[in-house]
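Chemist: coordinates for the following, if possible.
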Amino acid sequence: MRTWKIVTIGVAVMFAALEARGQQVIINGDPSELPIPMPGMGPRQPKTGTSRMRGRAITADTGAPVRRAVIRISGPDIGSKTAMTDAEGRYEFRDLPAGHFNLSASKAGYVTMQYGQVRPFEQGKTIDLVDAQVMDKADFLMPRGSVISGRVVDEFGDPMSEAMVMAMRSMWSGGRRRLQPTGRSATTNDLGQFRIYGLSPGDYFVSATMRGGAEMMAMEMAMASMTGGAGGGGPVGSNPNSGYAPTYFPGTSSGAEAQKISVAAGQEAANTDFALLPVRLAKVTGIVLSSDGKPVEGALITAQPKSMDGAGMMMGGMGGTGRSDKNGAFTITNVGPGDYVLQSRAFQIQMSSTGGGDNMVFTARIGGGGDGGADSEFGAMPLSVSGEDVSNLVLVTAKGASASGRLTFEGGAPPTSGITNIRVMPVSPDGDGGPMMMMGGNGGNVKADGTFEIKGLSGSRLFRLTNLPAAWTVKSVRVNAADITDAGMEFKPGEAVTGVDITLTSKLSQVAGTVTGAGSEPVKDYTVVIFSDDPQRWTLPNTRYVAGRRPDLNGKFEVKPLPPGSYYAAALEYLPSGEWNDPEVLERLKPNAKKFTLDEGESKTLELKIQ
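Modeler: Prediction:
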């Protein structure tokens with residue numbers, strides 16, 4: 001049994017309300033019981049070895065030591081480990097195995113840096129260690145972070161406290177350009193003031209979402225209904241049917257109308273003041289029926305924003321959560337205008353208290369087998385809210401689909417160990433991951449004989465694998481001879497799909513090489529982009545045909561594995577991470593890119609020129 005703190009949309013409203021009361025919230029269970037898949041949480045045992053790595057973190061402007069910076073190392077054989085710098089800014093990792101590693105450094109007030117990163121939003125460089133190697137001077141130059149500060153007020157000009165304010169960037173993700181959180185956020189104080197620090201220099205958009213007032217009352221009501229409290233009776237307090245929409249600076253609900261804020265290195269963009277937009281909140285009521293027409297008691301009902309990009313990612317936008325009663329009836333209050341997916345899924349919760357009731361331990365089960373699990377029914381329907389109450393909805397549930405199959409190993413003897421670490425994950429092809437998170441299936445571990453089964457599937461799904469043994473990759477995914485590797489397939493309620501054949505191959509196709517400048521001098525700092533010569537493959541969901549890489553410490557790049565095919569290769573001095581997924585960027589690169597073909601199992605060496 002593992003214990004972790006959960007902050008997922010839908011269930012999070014209850015736990016936010018509990019934490020606001022000062023109560024401890026602990027979720028006990030197995031990761032497979034979570035509504036959101038947790039890739040990489042396999043049981044692989046971290047390896048140890050005889051290598052070491054050490055270095056310093058110093059300020060980029062003065063060279064002074066950065067004390068108590070957190071240095072994080074990660075790799076496929078060790079997971080993630082941390083160290084902290086001392087008074088001289090030094091750190092060390094010992095007992096490392098041979099392998100590939102990524103390194104980063106972070107401290108409040110500084111830009112978080114990956115090792116080998118030179119420019120903002122750039123990937124770092126991979127570190128390769130051999131047995132007994134001691135790597136000295138794995139140093140970080142840490143720039144002072146930029147700052148965006150300002151004040152959030154209501155429509156009357158009064159300060160809004162407890163608003164979540166987030167810095168966002170325009171990024172290509174999930175097949176389109178959208179505003180994505182940078183991971184940097186702040187909460188307004190009693191004067192409505194916020195300060196987002198540690199930003200890389202660049203262009204940002206700022207959004208704010210209200211976490212208190214009517215929204216917190218909705219959380220309290222949802223928590224009461226879920227935990228058997230008096231959410232449906234007893235004294236009633238006044239509750240204005242108005243709230244605040246997620247708002248972008250300088251005061252718009254549309255990301256397209258948001259104003260860009262540019263900050264230079266170490267600069268503060270002050271006076272980023274704006275007012276939250278008031279909106280009319282609606283009440284959504286209805287009934288949940290099972291596939292046999294009977295009322296469903298105790299179902300978790302969630303109004304989840306249809307689009308999970310932009311400010312809608314913060315606190316789940318303006319949706320809400322409720323729970324059905326013994327007659328299947330549910331009520332969700334304080335739902336803001338917008339398009340949602342109304343979802344129903346079985347939810348079990350038990351609670352106990354220790355220490356006089358101040359610390360409450362909740363045992364929750366969402367997914368898994370049996371009652372309330374992957375074998376139970378769930379449902380979804382579109383919901384549009386324009387400010388008026390929505391009533392008399394009928395949400396009919398159905399059993400989720402299942403998929404079962406087998407792994408086939410091609411090109412060599414199957415691995416003798418690690419097969420049971422492999423996890424088959426059903427991935428949403430639309431890139432949002434929002435409405436389908438609760439209903440996409442939780443993935444399935446592969447058994448020793450190579451078979452697997454996934455339950456609770458709904459909608460369109462791709463199959464991707466985590467924790468693959470070294471030197472193996474996915475060649476194809478087929479169902480009844482139809483190739484669904486990149487297209488995925490649509491799962492209908494209650495159907496049982498058998499014969500899913502996932503072929504793994506040890507014949508890895510890969511590209512490696514070096515880059516030179518205009519004068520043929522070697523270049524060690526660049527980004528290389530490999531992309532298919534077929535533009536239709538650029539926009540495939542979770543495409544395998546486009547990749548961006550940074551060089552290693554010796555200036556060499558390597559991209560593997562790649563599906564066999566025809567490709568272009570281009571080297572650039574600078575390209576922010578992920579921008580190579582933008583088709584417009586690839587079109588610009590294509591005229592001067594180097595074209596090549598890659599056969600199955602082929603290792604090709606390229607010499608590229610900086611564009």
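Chemist: strands of the stretch 101-250 of the chain, residue ranges please.
Modeler: 113-114, 127-129, 134-135, 140-142, 146-153, 163-173, 176-187, 193-199, 202-210, 242-245, 247-248 (DSSP state E, counting those that start in this stretch).
Chemist: who touches the fifth one?
Modeler: With contact meaning C-beta atoms under 8 Å, 6 or more residues apart in numbering, strand 146-153 is reached by 111, 159-160, 163, 165, 167, 188, 191-197, 199-201, 204, 206, 208, 249, 261, 263-276. Quick note: C-beta positions are derived from backbone N, CA and C, even for glycine.
Chemist: return a ChimeraX selection command for the buried portion of these.
Modeler: Command for ChimeraX that selects the buried part of the contacts of strand 146-153, burial taken from 16 or more other C-beta atoms under 10 Å:
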select :111,160,163,165,167,188,192,193,194,196,197,199,200,201,204,206,208,249,261,263,265,266,268,269,272,273,274,275,276
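Chemist: from start to finish, how long is stretch 597-611 in a straight line?
Modeler: 20 Å (C-alpha to C-alpha, to the nearest Å).
Chemist: list the buried ones in it?
Modeler: Across stretch 597-611, burial judged by 16+ other C-beta under 10 Å covers 598, 604, 606, 608.
Chemist: not counting sequence-adjacent ones, nearest residue to the second one?
Modeler: Once flanking residues are discounted, residue 604 sits nearest to residue 511: 5.1 Å by C-beta to C-beta, 6 or more residues apart in numbering.
Chemist: same thing with the third one?
Modeler: Nearest-residue entry for residue 606: residue 513, 3.7 Å, with adjacent residues in sequence omitted and distances by C-beta to C-beta, 6+ apart.
Chemist: and that neighbour, what helix or strand is that in?
Modeler: strand 510-516 (DSSP states H and E).
Chemist: surely residue 269 is in contact with residue 259?
Modeler: No. The criterion here is C-beta atoms under 8 Å, and residue 269 misses it with residue 259 at 11.1 Å.
Chemist: which regions of this structure sit below the pLDDT cut-off?
Modeler: 1-44, 211-234, 236-240, 307-319, 347-375, 430-442 (pLDDT under 70).
Chemist: all helices for it, in order.
Modeler: With helices called from DSSP state H, the chain shows them at 12-20, 214-226, 583-589.
Chemist: quick one: the strands in the stretch 401-550 of the chain, in order.
Modeler: 401-410, 423-427, 444-445, 451-457, 459-466, 473-479, 482-483, 489-491, 496-505, 510-516, 522-523, 527-532, 546-549.
Chemist: quick one: which of these is nearest residue 76?
Modeler: Closest approach to residue 76 among these (C-beta to C-beta): strand 459-466, 10.6 Å.
Chemist: related to what we said a few turns ago, now tabulate the buried residues of stretch 597-611 in TSV and tack on distance to residue 73.
Modeler: Listed next are the buried residues of stretch 597-611 as TSV, based on distance: C-beta to C-beta, whole Å:
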residue	distance to residue 73
598	32
604	31
606	30
608	30
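Chemist: just those now: which is nearest residue 548?
Modeler: residue 608 (13.4 Å).
Chemist: shouldn't the closest one be in contact with residue 529?
Modeler: No. With contact defined as C-beta under 8 Å, residue 608 does not count as touching residue 529 (10.0 Å).
Chemist: list residues touching both of these two?
Modeler: Contacts common to residue 608 and residue 529, judged by C-beta under 8 Å, 6+ apart, are 569-571.
Chemist: now those residues: which count as buried?
Modeler: The neighbour count (16+ other C-beta under 10 Å) marks 569-571 as buried among those.
Chemist: hmm, residue 323 is touching residue 297, no?
Modeler: No. Residue 323 is beyond contact range of residue 297, at 9.0 Å (criterion: C-beta under 8 Å).
Chemist: neighbour count for the two, which is higher?
Modeler: Taking other C-beta atoms under 10 Å, residue 323 and residue 297 do not tie; residue 323 has more neighbours (25 against 14).
Chemist: could you report the separation of the more buried one from residue 382?
Modeler: To residue 382, residue 323 is 21 Å away according to C-beta to C-beta, to the nearest Å.
Chemist: which residues touch the residue nearest to residue 606?
Modeler: Residues in contact with residue 513, defined by C-beta under 8 Å, 6+ apart, are 528, 556-557, 569, 605-608.
Chemist: identify the bridge partners of it.
Modeler: Residue 513 has these beta-bridge partners by DSSP bridges: residue 557, residue 606.
Chemist: for the residue of the chain most remote from its centre, phi and psi?
Modeler: Most distant residue from the mean C-alpha position of the chain: residue 519, 41.8 Å away (C-alpha atoms, centre = their mean). For residue 519, the backbone dihedrals (degrees, to the nearest 10) come out as phi -100, psi 20.
Chemist: how far away is it from residue 277?
Modeler: Taken as C-beta to C-beta, the span from residue 519 to residue 277 is 55 Å.
Chemist: list the contacts for the closest residue to residue 115 other than its chain neighbours?
Modeler: Ranked by C-beta to C-beta, 6+ apart and with sequence neighbours excluded, the top spatial neighbour of residue 115 is residue 103, at 3.7 Å. Residues near residue 103 by C-beta under 8 Å, 6+ apart: 53, 71-73, 114-115, 124, 127, 138.
Chemist: need these in a markdown table (columns: distance to residue 444 and neighbour count).
Modeler: A markdown table is the format used below for the contacts of residue 103 (distance: C-beta to C-beta, whole Å; neighbours: other C-beta atoms under 10 Å):
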| residue | distance to residue 444 | neighbour count |
| --- | --- | --- |
| 53 | 36 | 23 |
| 71 | 36 | 26 |
| 72 | 30 | 15 |
| 73 | 30 | 21 |
| 114 | 33 | 18 |
| 115 | 35 | 21 |
| 124 | 33 | 16 |
| 127 | 34 | 20 |
| 138 | 39 | 22 |
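Chemist: quick revisit: reformat the contacts of residue 513 as a markdown table; add distance to residue 151.
Modeler: Shown next, in a markdown table, are the contacts of residue 513 (distance: C-beta to C-beta, whole Å):
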| residue | distance to residue 151 |
| --- | --- |
| 528 | 44 |
| 556 | 50 |
| 557 | 46 |
| 569 | 49 |
| 605 | 57 |
| 606 | 53 |
| 607 | 55 |
| 608 | 49 |
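Chemist: tell me which two in those are the farthest apart.
Modeler: The distance between the two most remote of the contacts of residue 513 (C-beta to C-beta) is 13.7 Å, for 556 and 569.
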